Structures are given as C-alpha cells and as structure tokens.
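In: Need a 3D model of the following:
(2 chains)
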Amino acid sequence: MKKKETEYDEYIEMDETDSDKKEINPREIAVPGEFIDEKKGRKLGVGVYAEDDKIFAKVLGIAFIETNEINIIPMSGVYIPRINDRVVGIIEEVQISGWLVNVNSPYISYLPVSDGVDEFVDTNRMDISRFFDVGDVIYCKVSKVTRDKTVRVSMRSLGARKLYGGTMLKVKPTKVPRIIGKGGSMINMIKNKTGCSIYVGKNGVIWIRGDQKDKVIEAILTIERESHIVGLTDKIEKLLSEKVNIESVGEKSKKK
Amino acid sequence: MAKTDEKLIVNGKRLDGRAFDEMRPIEMETSIIGRADGSARVAFGKTEAMASTYGPRKLYPRFLQESSTGILRCRYNMAPFSTEDRVRPGRNRRSIELSKVIRLALESSTFLDDFPKTVVDVFIEITQADGSTRVTGINAASLALASSGVPMRDLITACSVGKIDGKLVSDLNGIEDNNSEADVAFAMLPTKEIITLLQMDGILTKDELFSLLENARENCKKIYETQRKVLKERYKRELK
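Out: Below is the predicted model:
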C-alpha cells in the first residue's frame, strides 16, 4: 500500500542535525573558499562548488560530508523559491486574472485565477478580489520557477488554503528545516503540545493561531537561536511543558 | 596632510616603530550592524572601515536588472570626520574611482548567477583614515559579504605595500602614504592565489615590484587567517 502523503515528506532528507546522519566533521563551520574534500564521484549538494575534482565551500555554513553527497547548510541568506516549496505568502496586488504574492524573497510570485480558485471564474465580469484581497495571507505551493526566476504559485496542493486571523513570524529561511524536524517531528510535537494551528513556509514565514501562541513563538525563536544543538526536540518539549512566562521571553531577547 | 621633510625611516625602523615588512595590529569583528544582512568592522592600526551588505534584493529601476545574473553595487565613502582636514561629504572623483575598483575586486569572487534580476549592495564607510583605506575597506566588505550568506568563490583579502626612503615596506600608514616613493594596493583570493586588485602609484623597478607583490601575498595570507578565525568564532559563539 502506498504511504499516505503528508505535508512534511520532503523534510525527511532535509533535517540538519539528527544523530543518525554520518558526518566526518560534525558541525564544522566552513568559510567560503575553504577546501572541503576530494570529490570522489560524490554529488554536489547545496553551498559547494567543484574545481578540478576538489570541493570547496561557497557559503559560510556547517559542512555535512556524507558518503554520497556533500552539503553546506548556510548560516544565513535569502529565500530563493524552488519548485514544490510550501510557502506562506501575502497578497500584494490584485490583477485582472491573478494575484501577485509576496513570498519573502527577492522575487515576487504570481498566482493565476485558474490555480487559485476551484470554481470557474469569468474574469471579465467578476472582480477576483472577492477570493483574495490585498493583505490576505495564503499557504500555497511554488508550482513553477523559470531559469530567470519568474515564480508561479498554486493553491492546488495538499494543505493549501487561505489563512484567517493569526500571527505571523519571520525566521531565517535557512533554519526552517530544523523548525519542522525530521518528517515533521518537531512541528508536530509543538502542535500537539500547544493545540495551536501552525503553518510553516519554507520561505521563513510562520503563521500561528491559537490560545497558546506565545508558547509557540518562544519555542520557535529558541529553535532558531539554538538550531545546532543535539537533542533539541527534547529541550523544546521540556520548555513547552513548563508554564510559559511572557515577561521572561522579553528579558531573554533584551539580553541578546 | 602635507609632505614632510622628516625622515620616514630612523635607525632601521619606521616612524611608528615597525619593521619594514611588519603590519599594523589588525582588529576584525562581524555583525556590528543589526539591520544589515551582513556587516563587519576592520581596523588596521588607526585606519578603520565599516562595511554592510544588503541583499540579494530586488533591483529597481528595472532597466538595470540583468536577467541572467545578479549585480553588485558598491559605495566607498569617507566620513567627514575621518581625517585631519574635514572631508567634504558626498561623492567625489576619488570615491567614485575607489567604489569601482573595489566592486571589481569583490565581483570576481561572488557567484551571483543564482540570483538573476537582483542586486547586492555593499556600503563601505571609512570612519578613521590613516592610509591604506581602500584595502581595509575591501577586507571589511569581504567579511560582510561572507556573513550575509552570499555565495562566494573565496574570501577577498587586501593589503598595501610600497617604497619609502628607498626601502620596501608593508601596510603604509597615513604619513608614509603621503610621502612614499611608490605605493601599491593589492587584493587577492587567498586560497586560489588570484589577484583581483592591483594599483600602483609612483616609480618602482620591475624587480622591486615583484618583490613587493611577494610581500603582499605573504601579508594577505596572514590577514586571511584572521578573517577565517573571526568568522568561525563569531558563529561558534552563536552555536552555543
């Protein structure tokens, strides 16, 4: 039987520091231009480039040297849309037959009516702002990216929907895999513990709604800040079990 | 600063007591400007430069956009209070030229093909000027670019070398710079050994130039080690 598709399937490979990944230099920081390893027929992952079968770092980040692939997870950087990414976007402009969506990236994306609404819409007669208006928040999927980065998003996807109310939080896009955890372990744990509904976009925008949203925000900011320690899921679980003290959250961020 | 008749080398030492190939003490730190995507401060003795970078971000006006690659913009500026005489604020012939050569020195290292239609802005502010400002600026910009997560082929390191009172010296300070027989600004990609900036002012023989370039290369290697250390320490601190 085919396994049921879940929202976080893609994160099974993406998680940063779960212990069963084999690293030669665990959590070694690489500086751009630094020699990482001989290529030895391995695949080039993100954040690296090859010259004469030697692999060098392209960004400042943490090196993950594996048997078949070499990756450097960057410490910072902007979000560049890739196909099938699930993102949280804000409608920026309503056009005749589609919307422009801000996905927290240098590239603005386009949502055509045909991919945004299920029913038939006669764009000559109808103002499409009745579906999505400027300022509305949507959870959608990147459906197409061209080579010169013209981006198209779609609502025809698992979990895609318009988001009402709630709070939005921006984190570094490079930390999103850690917030979601392996196959969604971290985010599902936060959802279960707090009963909030949370949508995490790969673009680093997180939408939260629920009574315990302060707890969620504290947890997410802790993950962003301490994304490289081992056993973070347990730590966050402990943190969520404690009573949340909103004042102490403020003090912590002041100290930082 | 006017020309002096003073000797620049006394008893085999330079005016500030350095040996000929000795550099001034180097200070570096990153992430000094909270709003910027990447920032750094580099000081060579009394010369101090701050750099901040923004982007890749959307580029307007649109006719400047390149559909196949991102572009780099660079601004070198001396603060009015950075020298003994006040620097008139705003762009001038010198800062326009330096902005351009710094941009070219940095551009050869960045991979902006992944970010078409965007721009990376680099702002370099000289807060204290005491010679060798452009190379200090390049070192700061390189750190800022690396900490902002822009893909790069290598860090860029730069230093100055020159000839004073007939001797070949490294890292000229203000008074030496003004009274030098020749000075050379030099930048390179340290692990690839590719020169990305080479400017010379004054008169040197071919042999002198080559021997200066060799000194500059050695100095750049030392600066690279400091840059690397600073970047690693900065993030090690964050990891804790």
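In: Only C-alpha atoms from now on, for both contacts and neighbour counts.
Out: OK.
In: what's the nearest residue to residue 195 if we skip its chain neighbours?
Out: All of this is about chain A. Nearest non-adjacent residue to A:G195, counting by CA to CA, 6 or more residues apart in numbering or on different chains: A:G210, 6.9 Å away.
In: other chain: chain B
Out: B:M188 (4.2 Å).
In: Wait, a helix at that neighbour?
Out: No. Checked against DSSP: H, G, I helix; E, B strand; the rest coil, B:M188 lies outside a helix; its state is strand.
In: That one and B:N219: what is the separation?
Out: Note on B:M188: its distance to B:N219, by CA to CA, to the nearest Å, is 11 Å.
In: Which one's more surrounded, these two?
Out: Shown here are B:M188 and B:N219; by other CA atoms under 10 Å in any protein chain shown, B:M188 has more neighbours (26 against 21).
In: now the more buried one: how far from chain A?
Out: 12 Å (CA to the nearest CA, to the nearest Å).
In: so what's that residue up against?
Out: Shown in contact with B:M188 (CA atoms under 8 Å, 6 or more residues apart in numbering or on different chains): B:105, B:156-158, B:194-197, B:217, B:220.
In: Tell me if B:R217 really is in a helix.
Out: Yes. Assignment of B:R217 by three-state DSSP places it within a helix.
In: That one and B:K192, how far apart?
Out: Distance of B:R217 to B:K192, given as CA to CA: 12 Å.
In: what about those two, which has more around it?
Out: More crowded of B:R217 and B:K192, by other CA under 10 Å: B:R217, with 22 against 12.
In: Just the pLDDT at the more buried one, thanks.
Out: Reading off the confidence values, B:R217 has pLDDT 95.
In: swap in the one 5 residues further on?
Out: Here, the pLDDT recorded for B:K222 equals 95.
In: Count the neighbours of it for me.
Out: B:K222: 14 neighbours (other CA under 10 Å).
In: Dihedrals phi and psi, it?
Out: The phi/psi pair for B:K222 (degrees, to the nearest 10) reads phi -70, psi -40.
In: Could you report the distance from it to B:I126?
Out: Separation of B:K222 from B:I126 (CA to CA): 22 Å.
In: Who is B:E27 paired with across the strands?
Out: Beta-bridge partners for B:E27, by DSSP bridges, are B:A43.
In: what does B:F186 give?
Out: Counting by DSSP bridges, the residues bridging with B:F186 are B:C159, B:L198.
In: Give me the subset of the contacts of B:M188 lying in strands.
Out: B:157-158, B:194-197 (DSSP state E).
In: Next, A:I138: secondary structure please.
Out: Recorded secondary structure, A:I138: strand (three-state DSSP).
In: Distance check, it against chain B.
Out: A:I138 is 22 Å from chain B, by CA to the nearest CA.
In: and that residue, how many neighbours?
Out: A:I138: 22 neighbours (other CA under 10 Å).
In: Same question for A:K170.
Out: With neighbours defined by other CA under 10 Å, the count for A:K170 comes to 14.
In: With A:A160 instead?
Out: Using other CA under 10 Å: A:A160 sits among 19 other residues.
In: Show the backbone phi and psi for the residue of chain B found nearest chain A.
Out: Proximity of chain B to chain A (CA to the nearest CA) peaks at B:D154, 3.8 Å away. The phi/psi pair for B:D154 (degrees, to the nearest 10) reads phi -170, psi 160.
In: just to revisit the earlier point, what distance do you get for the residue nearest to A:G195 to chain B?
Out: Using CA to the nearest CA, A:G210 is found at 30 Å from chain B.
In: How about the contacts made by B:I126?
Out: By CA under 8 Å, 6+ apart, the contact set of B:I126 is B:47-50, B:76-79, B:82, B:133, B:137.
In: Could you list every helix and strand in contact with the lowest-mean-pLDDT helix or strand in chain B?
Out: In chain B, no helix or strand scores lower on mean pLDDT, DSSP states H and E than strand B:9-10, which sits at a mean of 88. Using 3 or more CA pairs under 8 Å, 6 or more residues apart in numbering or on different chains; DSSP states H and E as the contact test, no helix or strand touches strand B:9-10.
In: ok, then the element right after that strand?
Out: Going down the chain from strand B:9-10, the next helix or strand is strand B:13-14, by DSSP states H and E.
In: Verify the contact between B:I138 and B:T157 for me.
Out: Yes. In this structure B:I138 lies within contact range of B:T157 using CA atoms under 8 Å: 7.0 Å.
In: Give me the common contacts of those two.
Out: Common neighbours of B:I138 and B:T157 (criterion: CA under 8 Å, 6+ apart): B:A187.
In: Look at those two and report which has more neighbours.
Out: More crowded of B:I138 and B:T157, by other CA under 10 Å: B:T157, with 33 against 28.
In: For that one, give me its contacts.
Out: Residues in contact with B:T157, defined by CA under 8 Å, 6+ apart, are B:135, B:138-139, B:142, B:187-190, B:220-221, B:223-224.
In: try 7 Å
Out: Neighbouring residues of B:T157 by CA atoms under 7 Å, 6 or more residues apart in numbering or on different chains: B:138-139, B:187-190, B:220, B:223-224.
In: same thing with A:T150?
Out: Contacts of A:T150 (CA under 7 Å, 6+ apart): none.
In: just curious, which of the contacts of B:I126 is nearest to A:M168?
Out: B:M50 (33.1 Å; CA to CA).
In: where does that closest one land in three-state SS?
Out: In the three-state summary, B:M50 is assigned as strand, counting by three-state DSSP.
In: and what of B:S142?
Out: With three-state DSSP as the basis, B:S142 sits in helix.
In: Do you know the pLDDT at it?
Out: Confidence score, pLDDT, at B:S142: 97.
In: burial count for it?
Out: B:S142 has 29 neighbouring residues, counting by other CA under 10 Å.
In: quick one: contacts for it?
Out: Contacts for B:S142 (CA under 7 Å, 6+ apart) come out as B:155-156.
In: and if we set it to 8 Å?
Out: Here B:S142 is in contact with B:106, B:155-157 (CA under 8 Å, 6+ apart).
In: cool, and B:D114?
Out: So B:D114 contacts B:69-70 (CA under 8 Å, 6+ apart).
In: Number of residues surrounding the closest residue to B:G131 other than its chain neighbours?
Out: Leaving aside its sequence neighbours, B:G131 sits nearest to B:G174 (CA to CA, 6+ apart; 4.0 Å). Per other CA under 10 Å, the neighbour tally for B:G174 reads 18.
In: Help me confirm that B:G174 comes into contact with B:D130.
Out: Yes. Using CA under 8 Å, B:G174 is in contact with B:D130, at 4.2 Å.
In: Next, residue 175: secondary structure please.
Out: No chain specified, so I'll use chain A. Following three-state DSSP, A:K175 is assigned to helix.
In: try chain B instead
Out: Assigned by three-state DSSP, the conformation of B:I175 is helix.
In: count of neighbours near it?
Out: Counted by other CA under 10 Å, the residues lying close to B:I175 total 16.
In: Equivalent analysis for A:G41, please.
Out: Count around A:G41 with other CA under 10 Å applied: 10.
In: what sits against it?
Out: A:N68.
In: Find the residue closest to the closest residue to chain B within the stretch 1-150 of chain A in space, skipping its chain neighbours.
Out: With CA to the nearest CA as the measure, A:G33 is the residue of the stretch 1-150 of chain A nearest to chain B, at 3.8 Å. Leaving aside its sequence neighbours, A:G33 sits nearest to B:D154 (CA to CA, 6+ apart; 3.8 Å).
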